[in-house]
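*Asks:* Make a model of this:
(one chain, ligands or ions: 2)
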Amino acid sequence: MKILVTGGTGYIGSHTVVELQNEGYEVVIIDNLSNSDRTVVDSIAEITNHVPVFEELDLVDRAATFACIEKHKDIVGVIHFAALKAVGESVEKPLLYYYNNLTSLINLLLAMQKFDLQNFVFSSSCTVYGQPDQLPVGEQAPLKKAESPYGNTKKISEDIIRDSVDAGSMNAISLRYFNPIGAHDTALIGELPLGVPNNLVPYITQTAIGKRDHLKIFGKDYSTHDGTAIRDYIHVVDLARAHVVAVKRMLQGNSKIPFEIFNLGTGNGFTVLEVIKAFEKVSGEKLNYQFTGRRKGDIEKVWADTSFANQELGWKAALGLEEMMLSAWNWELALSNRFT
Ligand code: NAD
Ligand code: UFG
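*Replies:* Ligands and ions are numbered 1, 2, ... in the order given. Purely as a prediction, here's the structure:
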């Protein structure tokens, strides 16, 4: 069975392609390589002994998108990762983010409609909850005003998908990721941040390897047990496996309603200092860090109520924080070997 994975050479997409191929699915990747590298296809092939089909194209190009879907119209499911995702950049270039993320989505849904493809999995984010009133946060929690144009593209995308599902025969699942980190245990694929990383874990590993002088911890006056902000970090491989489960659920006709939404986290929150401590333990490195003021737009704490995903999908995150940090560190070491 053939699955289309947009953004399949990206960070989460590449791990998902590996899990899909390990389960025997044929994969077609669409990516415009705006934030990833063609060599990822070779790495996926090395891990799985199977080369996915790779179509380099930009999903904002409707004609090219239609032609590609027509060529692969035996696709039975679509997992849509392709998007721009840098929160700060989205504040500076909102139109680029709305244009890229929403036009891609609409073109893909139009192509699915034209070629009668029915099963759609969407990459959403816990950013849609903002700072929740209650923790852990469940899928029914009210959505808050988005803190950034990027976050708003996720909210609007979910509305577009819901309306499309209501209007036709398509089924969809939106997966709201908490904080994906870590890398494949082969260290052949992982996150490839361009330039200075925005996210905590690549910043930690780049500091430890000497690419950055020190980590700045944003805020030490939060109302948490050590004053630093709390997030629900999830291993990217656990996250990838949830996509395979979601696709199977739709293919087997097990969706309870045509548009389902699931939180993907571990259900455990960790502070920034706890993440650093886990990193220092597994790597044996001492991290150079300093405290600085809060980062604009950051929330204090969030972690997921995962009970609905656990029960309905029969999926549960299996890998812990130390495994996440060790795999992230091994990936950073592998990258430094690759480029020296
Ligand atoms: P990524 O940047 O590594 O992967 C996205 C891929 O999409 C890239 O390979 C990029 O080249 C491609 N792409 C972007 N625009 C495209 C277009 N118009 N046409 C074709 N390809 C295009 O990002 P990721 O971390 O793997 O994120 C995947 C998805 O998960 C995104 O939708 C992101 O918003 C969402 N998400 C990520 C996180 C996170 O922390 N990484 C958290 C929540 C949600
Ligand atoms: N942090 C630092 N120093 C840094 C980077 C981050 O202290 O150099 C802190 C942040 O202030 C935050 C925590 O580490 O408290 C995690 O920050 P990240 O940037 O790694 O992650 P965010 O929770 O801010 O956001 C991430 C993605 C979003 C996504 C969200 C939820 O960047 O795209 O997770 O999935 F929407």
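*Asks:* which residues of the protein score low on pLDDT?
*Replies:* Within the chain, the segments meeting pLDDT under 70 span 339-340.
*Asks:* would you list every one of the helices in this protein?
*Replies:* Along the chain, counting by DSSP state H, helices occupy 11-22, 39-48, 62-71, 87-92, 94-114, 149-167, 200-209, 236-251, 272-283, 307-313, 321-338.
*Asks:* Mean neighbour count, those: which tops it?
*Replies:* Greatest average neighbour count among those goes to helix 11-22 (a mean of 25), per mean count of other C-beta atoms under 10 Å. Glycine gets a C-beta too; all of them are placed from N, C-alpha and C.
*Asks:* Show me what from this protein comes close to ligand 2.
*Replies:* Neighbours of ligand 2 within the chain, by C-beta under 6 Å from any ligand atom: 85, 87, 125-127, 177-179, 198-200, 203, 215-218, 229, 231, 272, 295, 298.
*Asks:* can you list the domain ranges for this protein.
*Replies:* Per automatic domain parsing, the structural domains of the chain span 2-182+234-264, 200-230+268-304+315-334.
*Asks:* how about the ones you listed, which one is nearest Glu191?
*Replies:* domain 2-182+234-264 (4.4 Å; C-beta to C-beta).
*Asks:* is the closest one anywhere near ligand 1?
*Replies:* Yes - Domain 2-182+234-264 lies within reach of ligand 1 by C-beta under 6 Å from any ligand atom, at 7, 9-13, 30-36, 58-60, 81-85, 100, 104, 123, 125, 177, 180.
*Asks:* Of the residues you listed, which belong to strands?
*Replies:* Judged by DSSP state E, strands contain the following of these: 30-31, 123, 125, 177, 180.
*Asks:* with the residues you listed in mind, which one is nearest to ligand 2?
*Replies:* Closest approach to ligand 2 among these (C-beta to the nearest ligand atom): Ser125, at 3.8 Å.
*Asks:* I figured that closest one was touching Arg176, is that so?
*Replies:* Yes - the pair Ser125 / Arg176 is scored as a contact, 6.0 Å apart, by C-beta atoms under 8 Å.
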